Structures are given as C-alpha cells and as structure tokens.
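Student: Everything below, folded, please.
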Amino acid sequence: MNRRTLLRGSLGVSAAGALSALAASGAEGAPQLRSDAEIYGVPTVDPLISQRADPFITRPVGGMYYFTGSVPEYDRLVVRGAPTIAGLAGAEETVIWRRPATGTMAGHIWAPELHRIGGKWYIYFAAGDSDDVFRIRTYVMESALDDPRDASGWTLKGKLVTEWEGFTLDATTFAHRGKQYLVWAQSEPEIAVNTSLYIAEMANPWTLKSKPTRIATPTKSWEIQGFRVNEGPAVLIRNGKVFIAFSASATDARYCMGLLTADASDNLLERASWTKTPDPIFVTNRATERFGPGHNSFTVAEDGKTDVLVYHARDYEAITGDPLYDPNRHTRVQKLYWHEDGTPLFGIPVGEGGPIVRLSPSDSPRSFVKHVGDAVVAERAPRELELTQFRFVAAAGGTETIQSVDQPAKFVTVSGSTVSLGATGTPVVRTAARDGVTIRVAASPGTYLRHAAGQITAGDKATVFKLS
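Tutor: Coordinates of the predicted model:
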C-alpha cells in the first residue's frame with residue numbers, strides 16, 4: 001500500500017474535501033493536486049482515543065507505534081500498538097499490570113510513559129498507596145521482550161529514589177550527547193508550591209546518577225490557577241535546542257502548557273541553562289471547544305519527519321466535582337509546526353474537522369495567508385500559527401469553502417475584489433499548478449485569489465499558493 005492510499009484510509013473522511021478538486025488537475029503529465037491528508041500528514045480523528053489522559057505515544061519502534069496513558073479508574077497500566085498513529089484508535093489494549101489490592105502502589109496509578117532504552121522497554125509511572133492514594137511516588141517496570149504489550153515480560157524494578165522523599169510523578173527520560181536524563185515533577189520541602197520540575201542524569205533506567213536540579217517552579221499567574229503546578233514534562237530536541245513542554249495549574253479548563261528551552265550544547269544540569277517562555281504556549285480554546293489541554297508527549301508521523309503533538313483535553317468546560325475524577329480527558333493529536341527561527345509553534349487545540357493547510361503565496365514563499373480579525377492578508381513568518389490555519393471543506397457541485405481553524409464558524413468570503421472572513425464561505429475550486437494551487441471563485445470563472453504586497457484580493461490574475 002503506498003503512502004497516499006494509507007493516509008486516505010487512516011484519515012477517513014478528512015481527505016474528502018481535497019479529493020473533490022482532483023478532476024481539475026488536467027491531462028496526463030499536468031501538475032497533480034495532492035490531497036490535504038498527504039499535506040497535513042497527521043491523523044485528524046478527534047479524539048484519537050477516548051478517556052485516556054496523560055497520553056504517551058512512542059516514536060516508531062520496529063514499525064510500530066505504542067501508546068499508554070492514564071485510565072479513569074487509576075488502577076492499571078495499559079499498552080496498545082499499531083503500525084500507524086491512526087491505527088492506535090481501534091487497537092486492542094493490553095493490561096500489562098494491575099495495582100495490588102492493598103499496601104504500597106495500591107492507590108492512584110497515574111501518567112505512565114513507555115521508553116525503549118538499551119534494547120529493553122521501561123514504563124515510568126506514579127502510584128499511591130492504599131492507605132493514602134495521594135502518597136504518590138514514581139516506580140519503574142522493565143521488559144526484555146520486543147513487544148511491550150506482552151504482560152509476561154514485565155517485572156517491577158522498584159521505586160525511583162530521588163534526593164528527598166515526597167510527592168513525585170510524571171517522570172520522562174531522554175538521551176542527549178551520550179547521557180541519559182530523567183525529568184520529573186516533585187514537591188520539594190520548604191518550597192510553597194505543589195510541584196516543580198527537576199532534571200538529573202541517570203546511572204541506569206531506574207537509578208539517578210546526579211543530584212537533581214530544579215529547572216522550573218510555578219510562579220507566573222497562568223501556572224498557579226487552582227494549584228501551583230509544573231508537571232508533565234515532554235522533551236523534544238530540534239534545531240540545536242532542547243525543548244521541554246510542561247503543564248501547569250489545576251486539571252480543569254485552566255490547565256495549560258508552558259515551554260522551557262536550553263541550548264543543546266549547554267550543561268542541562270545547570271539551572272541557568274533553562275529559560276521559561278513568559279506566556280503559556282497551549283491553552284483552552286472556547287471556539288474549538290477544547291478545554292484544559294495538556295500533559296503532552298511528542299512523536300513523529302509515518303514520514304519520520306513531521307512532529308506530532310500528543311495531548312489530552314476535554315470537549316466541555318463545566319465539571320461536576322473534582323476534575324481529577326472526570327473521566328473525559330481524551331487523547332488527541334495534531335501537527336506541531338516550526339517557525340523559521342527554529343522555535344516550535346503550538347497554535348491552539350484545533351478541534352474537529354479534516355486536515356489543515358497553510359497557504360504561502362508563491363511570490364512570497366516565506367509568508368503565510370492569515371486573518372487579522374476578519375481581514376485576510378499575507379505576512380512573513382507569523383508566530384500566530386492559528387491565524388494561518390485553514391481547512392478546505394467540500395461544498396456543492398465539487399466546490400469547496402475555506403474554513404478558519406481558530407474561528408470555525410467563519411469562512412473565506414469574496415465580495416468583488418475584497419477577501420475577508422464571514423459566516424458564509426464563497427465556494428471555490430482548487431486547480432493544481434506548479435508547486436501549488438490556484439484558487440478560483442466558483443461562480444466567476446475569471447476570478448481568482450491573488451496576492452500583492454501582503455494583501456489578498458480577488459482578480460483576474462491568479463497567484464499560485466503553496467500548501468504546507
């Protein structure tokens with residue numbers, strides 16, 4: 001099966017809007033219109049997995065992706081696997097460990113992560129005790145089998161001992177420049193916060209080698225809503241930097257994500273190496289109805305290059321009782337983008353719908369079409385990713401409308417030469433052109449979207465837009 005077929009199948013109906021324009025691609029040898037699914041490259045089924053919080057998806061290992069996460073009952077560790085990210089949605093789930101009936105580790109079981117280190121599998125997870133379900137500590141399990149779904153291979157290595165005894169959770173591990181590191185959240189004595197983030201070098205996958213370094217503590221207004229929390233670290237190494245995304249505040253709609261950055265050549269065990277981005281980088285979005293996004297991980301798409309953000313979020317805001325016991329934090333995935341300066345662009349939790357595209361005028365390839373309010377313009381390398389994201393949505397008669405991702409009730413509308421966002425989209429037809437597409441107003445055969453000096457207008461001369 002070729003990748004084109006695979007993406008169409010894995011994304012389901014999300015590619016349908018793009019396929020409607022394929023007939024316009026012309027005779028054999030003419031430019032062919034790639035489907036939006038191929039361009040986006042990331043599954044758009046939402047949620048990917050229901051009622052699985054704190055989601056973790058590995059990078060492909062032996063042609064397989066593996067998933068684990070917290071279950072609403074907080075009583076077991078689960079693993080599922082599939083050759084594609086989309087395949088994880090319907091994959092059989094194996095219980096590889098259940099908490100004991102009483103005693104140590106018989107309380108809340110939280111936030112497992114699955115890592116391949118030195119030819120073996122390791123699961124890092126947090127567990128409480130039966131007499132105090134919130135006496136949370138970090139534990140490590142090991143399996144020498146190739147398939148982490150095989151429960152028979154797993155053995156408990158024990159508790160991961162840190163510098164001091166205290167509330168400890170959300171451990172993740174990564175290798176960098178020949179060293180293995182652990183990053184985790186913990187309550188440190190004499191610091192008046194719930195949890196801060198720490199890093200240490202590892203002697204082996206279940207033992208620390210160095211003393212911990214505190215690299216982040218909640219101090220900013222968005223980190224102290226409900227609880228003073230930095231937790232859920234996730235590491236991504238790109239472009240000469242080490243990035244750690246983390247989550248903050250209470251686990252309701254105030255839950256959000258922040259970002260730490262260090263140079264890849266720095267001593268990661270020095271606190272001064274790490275810089276916290278002043279504002280949150282991923283937050284609740286009421287327009288897309290995604291609330292409390294956070295506790296993320298990163299993987300890559302089947303092309304091996306496209307970075308994928310994995311996170312949980314609810315699709316409603318009002319919660320009855322303690323949000324910790326609301327079961328509907330669902331696993332979701334979306335594409336992670338990069339600014340031309342090498343920093344990640346998270347955008348917003350995008351909500352339901354088909355694949356997402358960004359449009360770059362061919363005469364200004366480092367610019368992207370974006371909306372500013374309802375005005376539609378083109379701007380070089382904007383940081384407001386969500387303003388540059390659109391979906392082509394199938395419409396009547398083989399046409400399409402162009403939907404705003406961050407304002408899903410609005411569509412690109414053409415009135416005379418003016419292009420703006422409005423409640424009713426103007427039907428258009430995409431035609432493959434060299435390195436991109438032209439976009440024609442369906443009801444006006446000689447009228448196209450065009451770019452000039454940062455302005456998007458409609459006229460008789462078509463601009464070729466690259467889709468990315």
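
Student: Could you use CA atoms for every contact and neighbour count after this?
Tutor: OK.

Student: Give me the three-state assignment for the closest residue to N239 other than its chain neighbours.
Tutor: Sequence neighbours aside, G342 is the residue nearest to N239 in space, at 5.7 Å (criterion: C-alpha to C-alpha, 6 or more residues apart in numbering). Three-state call for G342 (DSSP: H, G, I helix; E, B strand; the rest coil): coil.

Student: What about G342, how many residues nearby?
Tutor: G342 is flanked by 12 other residues according to other C-alpha atoms under 10 Å.

Student: for the one 5 residues further on, same thing?
Tutor: Using other C-alpha under 10 Å as the criterion, G347 is surrounded by 20 other residues.

Student: Check for me that it belongs to a strand.
Tutor: No: assessed by three-state DSSP, G347 does not belong to a strand; its assignment is coil.

Student: how about it, phi and psi?
Tutor: In terms of degrees, to the nearest 10, the main-chain angles of G347 are phi 70, psi -130.

Student: is it true that it touches E384?
Tutor: Yes: counting by C-alpha atoms under 8 Å, G347 touches E384, with 6.8 Å between them.

Student: Show me the shaky parts of the protein.
Tutor: 1-30 (pLDDT under 70).

Student: On the strand side of things, show who the most centrally placed residue in it bridges to.
Tutor: Nearest to the mean C-alpha position of the chain, by C-alpha atoms, centre = their mean, lies L309 at 1.8 Å. Listed beta-bridge partners, L309: F298, Q334 (assigned using DSSP bridges).

Student: Test my guess that A264 contacts L236.
Tutor: No: applying C-alpha under 8 Å, one finds A264 not in contact with L236, separated by 10.8 Å.

Student: tell me, what's touching these two both at once?
Tutor: Residues touching both A264 and L236 (C-alpha atoms under 8 Å, 6 or more residues apart in numbering): V242.

Student: need the helices for this protein, in chain order.
Tutor: For the chain, the helices defined by DSSP state H cover 3-11, 16-19, 36-40.

Student: got a list of what L208 touches?
Tutor: L208 makes contacts with 160-162, 182, 200-202, as judged by C-alpha under 8 Å, 6+ apart.

Student: And the buried ones among the residues you listed, selectable in PyMOL?
Tutor: Buried members of the contacts of L208, defined by 16 or more other C-alpha atoms under 10 Å, are picked up in PyMOL with:
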select buried, resi 160+162+182+200+201+202
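
Student: mind checking how far the residue nearest to S364 when sequence neighbours are not counted is from D406?
Tutor: In this structure, S364 finds its nearest non-sequential neighbour in R380, 8.0 Å apart by C-alpha to C-alpha, 6+ apart. As defined by C-alpha to C-alpha, to the nearest Å, R380 lies at a distance of 19 Å from D406.

Student: separation between I136 and G63?
Tutor: Between I136 and G63 the computed distance is 34 Å (C-alpha to C-alpha).

Student: Who has more neighbours out of these two?
Tutor: Using other C-alpha under 10 Å as the criterion, I136 and G63 rank with I136 on top: 22 against 10.

Student: quick one: strands adjacent to the longest strand belonging to the chain?
Tutor: When the chain is parsed with DSSP state E, its longest strand is strand 132-143. As defined by DSSP bridges, the strand partners of strand 132-143 come to strand 120-129 (antiparallel), strand 154-159 (antiparallel).

Student: In CSV, list the ones you listed along with distance to L48.
Tutor: Formatted as CSV, the strands paired with strand 132-143 follow (distance: least, C-alpha to C-alpha, whole Å):
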stretch, distance to L48
strand 120-129, 22
strand 154-159, 26
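
Student: And these: which comes nearest T277?
Tutor: With C-alpha to C-alpha as the measure, strand 120-129 is the member of the strands paired with strand 132-143 nearest T277 (27.0 Å).

Student: Give me the contacts around the closest one.
Tutor: When contacts are defined by C-alpha under 8 Å, 6+ apart, strand 120-129 is touched by residues 102-116, 133-146, 148, 168-172, 205.

Student: of those, buried ones?
Tutor: With burial judged by 16+ other C-alpha under 10 Å, the buried subset of these is 104-116, 135-143, 148, 168-172, 205.

Student: Could you check which of R380 and D406 is surrounded by more residues?
Tutor: Set R380 next to D406 and count neighbours by other C-alpha under 10 Å: D406 wins out with 23 against 15.

Student: State the distance from that one to T431.
Tutor: Counting by C-alpha to C-alpha, the separation of D406 from T431 is 25 Å.

Student: what's the burial count for the spatially closest residue to T343 that is not a sequence neighbour?
Tutor: Spatially, and ignoring its direct neighbours in sequence, T343 is nearest to N239 (7.9 Å; C-alpha to C-alpha, 6+ apart). N239 has 14 neighbours, counted by other C-alpha under 10 Å.

Student: just checking, N239 touches E340?
Tutor: No: using C-alpha under 8 Å, N239 is not in contact with E340; the gap is 10.3 Å.

Student: any residues in contact with both of the two?
Tutor: Contacts common to N239 and E340, judged by C-alpha under 8 Å, 6+ apart, are absent.

Student: who's in contact with S367?
Tutor: Counting by C-alpha under 8 Å, 6+ apart, S367 touches 360-361, 378-382.

Student: want to throw these into a markdown table with distance to G178?
Tutor: Below are these laid out as a markdown table (distance: C-alpha to C-alpha, whole Å):
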| residue | distance to G178 |
| --- | --- |
| S360 | 40 |
| P361 | 43 |
| A378 | 43 |
| E379 | 41 |
| R380 | 38 |
| A381 | 35 |
| P382 | 36 |
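
Student: Out of the residues you listed, name the ones that lie in strands.
Tutor: If you go by DSSP E, the contacts of S367 have 360-361, 378-380 in strands.

Student: Buried ones only from the residues you listed, please, as a ChimeraX command.
Tutor: Per 16+ other C-alpha under 10 Å, the buried members of those correspond to this ChimeraX selection:
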select :360,361,378,379
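
Student: Nearest to V300 among the ones in strands among the contacts of S367?
Tutor: Nearest to V300 among the ones in strands among the contacts of S367, with distances taken as C-alpha to C-alpha, is S360, at 23.7 Å.

Student: So the closest one is in contact with G454, correct?
Tutor: No: S360 lies out of contact with G454 (C-alpha under 8 Å); the separation is 10.9 Å.

Student: okay, and the common contacts of those two?
Tutor: The contact lists of S360 and G454 share A378, where a contact means C-alpha under 8 Å, 6+ apart.
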